[in-house]
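1. Have a look at this fold, sequence not included:
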């Protein structure tokens, strides 16, 4: 198929003067290299070659066709408490017209009113403004947008901490510490907004907080025995080692943010009021799903394993999300450390739950031929890769300012993956000079359908 980089491929950006960043305007073929030989010659293996993509399509589909979404989808992920990055990403999608400096100063475009926004997990942690980002997401919902919230590992870890912080049961006693140093900015926000203005206050001493919220030394022996058979042995060893590290890291971050453990404890108590049922932000966890499916595309935070692939094949996405909600109510620990947790934690490492040829076969039997996800932060815009034989669109383009500082990225971040019913996939990022344009018909036969949504 001939590639025609027509100007209408790229979104029309409205209100760029309010986002403080330049957005790419010219399209680029994606993947840009046609053969493996070209990749080898240039040394640019960021994406697979087009010939590898076509070969995958032939193996996966044979004479069949891929089912394609009948509506525009905007996939945004890994905002990590950066509301400014969220609005840059929305402007980059063409879905909103930014009309002023305030967060409420925007309007949905006509296309966006017929589209679905998929927020692919990890709204929380790192900072600088967890609460502002959640309010911005709520503004988008209240504007009339159709918004799906998917769970990310940072989001679920926060819920686990809120739910079980202070438990003395060996399986749960470490879960406040497990939230880690990246949660301290959230507690600082809550302290500054909800607690400090009504001061002065008397806070618990650091020792009293450790007694109430931290595990004790006996946990390091009790935990492995308690979770034997529930977690893989290598995961248990890794968890024990990591918790020792997190105790020190958490204290260091408290010192850096000039918070005593007593102040953190007060903020933790208020966080439970805000995020658990009945609170201002309870909707955030209540509306979360594990995954969504549109046509032959599966949207998750990280990936799948053989168990989840078989569940998708045998029971479908609706039942998978229903089981996810039941686990949230009944067994958060089991959810986080089992196959459901693997969907928002895996990077296909040896320590992760396996996705093998059996899982690939199950996914294809279910009619799913590509996974769209975040979680694995990357630095040159979105990319297409084959992981364990499955086509992956990797979309965590490192938009939040703290990740960007760690990675040495310059300038403000923003990024969105746009999937259109005409068969186009657009990868837009402030870190790549072009709008990446994949025309699905270069590799797949196309059938527009809502099947499997």
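-> Arrived safely, thanks for sending. Keep in mind the model is a prediction, meaning the values are calculated, not measured.
2. isn't residue 396 right up against residue 377?
-> Yes. If you go by Cβ atoms under 8 Å, residue 396 and residue 377 touch, sitting 4.7 Å apart. Any C-beta I mention is one placed from the backbone N, CA and C, and that applies to glycine too.
3. so where do the strands sit in the stretch 101-250 of the chain?
-> Secondary structure of the stretch 101-250 of the chain (DSSP state E, counting those that start in this stretch): strands at 106-108, 116-119, 146-150.
4. And residue 396 and residue 377? Which one has more around it.
-> Set side by side, residue 396 and residue 377 show unequal neighbour counts under other Cβ atoms under 10 Å, the larger going to residue 396 at 25 against 20.
5. what sits in contact with each of residue 396 and residue 377?
-> Taking Cβ atoms under 8 Å, 6 or more residues apart in numbering as the contact definition, residue 396 and residue 377 share the neighbouring residues residue 78.
6. Which residues are in contact with the closest residue to residue 335 other than its chain neighbours?
-> Ranked by Cβ to Cβ, 6 or more residues apart in numbering and with sequence neighbours excluded, the top spatial neighbour of residue 335 is residue 327, at 3.9 Å. In this structure, residue 327 makes contact with 334, 335, 340, judged by Cβ under 8 Å, 6+ apart.
7. can you check residue 140 too?
-> Counting by Cβ under 8 Å, 6+ apart, residue 140 touches 90, 117, 147.
8. For residue 301, which non-adjacent residue is closest in space?
-> Of all residues apart from its sequence neighbours, residue 121 sits closest to residue 301 (Cβ to Cβ, 6+ apart), at 3.5 Å.
9. Surely the one you found and residue 374 touch.
-> Yes. Using Cβ under 8 Å, residue 121 and residue 374 qualify as a contacting pair, with a distance of 6.1 Å.
10. what do those two both touch?
-> If you check residue 121 and residue 374 against Cβ under 8 Å, 6+ apart, the residues they both contact are 77, 78, 152, 301, 302.
11. With neighbour count, secondary structure and pLDDT added, can I get those residues in TSV?
-> Output for the shared contacts of residue 121 and residue 374, formatted as TSV (neighbours: other Cβ atoms under 10 Å; DSSP: H, G, I helix; E, B strand; the rest coil; pLDDT from 0 to 100):
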residue	neighbour count	secondary structure	pLDDT
77	29	coil	98
78	28	coil	98
152	29	coil	98
301	26	coil	98
302	24	coil	98
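12. Export these to TSV and append columns for distance to residue 287.
-> As requested, those are arranged in TSV below (distance: Cβ to Cβ, whole Å):
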residue	distance to residue 287
77	16
78	18
152	14
301	15
302	19
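13. Could you list the buried residues of stretch 194-208?
-> Neighbour-count burial for stretch 194-208, counted by 16 or more other Cβ atoms under 10 Å, picks out 194, 195, 203, 204.
14. what does stretch 219-233 give?
-> Burial within stretch 219-233, assessed by neighbour count using 16+ other Cβ under 10 Å, is assigned to 219, 222, 223, 224, 226, 227, 231.
15. Which residues lie in contact with residue 182 in this structure?
-> Applying Cβ under 8 Å, 6+ apart as the definition, the contact partners of residue 182 turn out to be 125, 126, 127, 154.
16. Among the residues you listed, list the two that are farthest apart in space.
-> Pairwise distances across the contacts of residue 182 peak at 11.6 Å for 127 and 154 (criterion: Cβ to Cβ).
17. Overlap in contacts, those two.
-> With contacts defined as Cβ under 8 Å, 6+ apart, the residues adjacent to both residue 127 and residue 154 are 80, 182.
18. Could you tell me how many residues sit around residue 390?
-> 23.
19. Hmm, I typed the wrong one, I wanted residue 133.
-> A count of neighbours around residue 133, defined by other Cβ under 10 Å, yields 24.
20. Which of the helices and strands in the chain ranks last by mean pLDDT?
-> Taking all helices and strands of the chain together, the one with the lowest average confidence (mean pLDDT, DSSP states H and E) is strand 446-448, at a mean of 73.
21. my guess is residue 154 meets residue 124, correct?
-> Yes. With contacts counted by Cβ under 8 Å, residue 154 reaches residue 124, the gap being 5.0 Å.
22. Where does pLDDT dip in the stretch 301-450 of the chain?
-> Confidence mapping of the stretch 301-450 of the chain against pLDDT under 70 gives the ranges 448-450.
23. Got the domain ranges for this protein?
-> The record's domain parsing of the chain by automatic domain parsing lists 7-151+290-448, 157-275.
24. Adding distance to residue 284 as columns, could you present the ones you listed in a markdown table?
-> Formatted as a markdown table, the entries for the domains of the chain read as follows, by distance: least, Cβ to Cβ, whole Å:
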| stretch | distance to residue 284 |
| --- | --- |
| domain 7-151+290-448 | 6 |
| domain 157-275 | 7 |
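25. Need phi/psi at residue 444.
-> According to degrees, to the nearest 10, the main-chain angles of residue 444 amount to phi -120, psi 150.
26. Can you tell me how far it is from residue 369?
-> When Cβ to Cβ, to the nearest Å is applied, the distance between residue 444 and residue 369 equals 8 Å.
27. Can you pull the phi/psi pair for residue 424?
-> When quoted as degrees, to the nearest 10, the phi and psi of residue 424 stand at phi -90, psi 140.
28. Dig out what it forms beta bridges with.
-> When assigned by DSSP bridges, residue 424 has beta-bridge partners residue 439.
29. which residues does it contact?
-> The neighbourhood of residue 424, defined by Cβ under 8 Å, 6+ apart, consists of 9, 418, 437, 438, 439, 440.
30. Quick check: the first one vs residue 29, distance?
-> This means residue 9. With distances taken as Cβ to Cβ, residue 9 is found 11 Å from residue 29.
31. Need the overlap of contacts for those two.
-> residue 437.
32. Perfect, that will be all.
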